[in-house]
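Peer 1: coords below, sequence missing:
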């Protein structure tokens, strides 16, 4: 017998064996009692239920982790903003002092050159604060707002209606929407 004939004979034996195995399996399945099939179906349903339970638990844990991650990110942003606000509040006092020095600046002589240097420092510091999102609370022609202003005095004013801001004693600042320091104002009554 040649190698080719032997190979073909092996293939045909394998095919016939395969069909015998399939036929044997079908016969074996047909001989399995109904109780065993029902028990296997019941066990399969139990495993499916357990798999769904595990899937639900995993999905809940995944959602909890995503929520935790978002909360931590929010808390980090809040902590950064709180730290930034604390540092900026300290610089506001320096800005107030520089502003006061510039209001009373000498116009001539040696003091004028010094005042220009102070003004340069004031502008640099103001630019840094502005770059961080700090802005001055607007008070021009505004009504008193307790969220933005701190009333130092209430005074009669013949030209302004009650509740209008007469003058600003100390500028107020905000960081984004957050008030760092309310403006200290005199209010018409």
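Peer 2: That came through, no problem. The structure presented is a predicted model; accordingly, all values stated were derived computationally and were not measured.
Peer 1: for the rest of this, base every contact and every neighbour count on C-alpha atoms.
Peer 2: OK.
Peer 1: quick one: low-confidence parts of this structure?
Peer 2: Scanning the chain for pLDDT under 70 picks out 1-30.
Peer 1: ok, the residue nearest to residue 105 when sequence neighbours are not counted to residue 123 distance?
Peer 2: The shortest distance from residue 105 to any non-neighbouring residue, by C-alpha to C-alpha, 6 or more residues apart in numbering, is to residue 115 (6.0 Å). Relative to residue 123, residue 115 is positioned 12 Å away (C-alpha to C-alpha, to the nearest Å).
Peer 1: how is the chain carved up into domains?
Peer 2: Per the record, the chain has its domains at 20-132, 136-189, by automatic domain parsing.
Peer 1: buried deepest among the ones you listed, which one?
Peer 2: Stretch with highest mean neighbour count among these: domain 136-189 (a mean of 17; mean count of other C-alpha atoms under 10 Å).
Peer 1: so how far does that one reach from one end to the other?
Peer 2: End to end - C-alpha to C-alpha - domain 136-189 spans 24 Å.
Peer 1: over to stretch 102-120?
Peer 2: End-to-end distance (C-alpha to C-alpha), stretch 102-120: 11 Å.
Peer 1: for residue 170, what are its contacts?
Peer 2: The neighbourhood of residue 170, defined by C-alpha atoms under 8 Å, 6 or more residues apart in numbering, consists of 96, 183-185.
Peer 1: go on, residue 169?
Peer 2: 183-186.
Peer 1: what helix or strand is the residue positioned nearest the centre of the chain located in?
Peer 2: For the chain, the residue nearest the mean C-alpha position is residue 74 (4.2 Å; C-alpha atoms, centre = their mean). In the assignment (DSSP states H and E), residue 74 maps to helix 34-103.
Peer 1: following that helix, which helix or strand comes up?
Peer 2: Using DSSP H and E, the next helix or strand after helix 34-103 towards the C-terminus is helix 110-131.
Peer 1: give me the contact list for that following helix.
Peer 2: By C-alpha under 8 Å, 6+ apart, helix 110-131 touches 88, 95, 98-99, 102, 105-106, 135.
Peer 1: which one of these is nearest to residue 163?
Peer 2: Nearest to residue 163 out of the contacts of helix 110-131 is residue 135 (C-alpha to C-alpha; 23.3 Å).
Peer 1: A helix includes that closest one, no?
Peer 2: No - looking at residue 135 with DSSP: H, G, I helix; E, B strand; the rest coil, it is strand, so not inside a helix.
Peer 1: quick one: contacts for it?
Peer 2: 129, 173-176.
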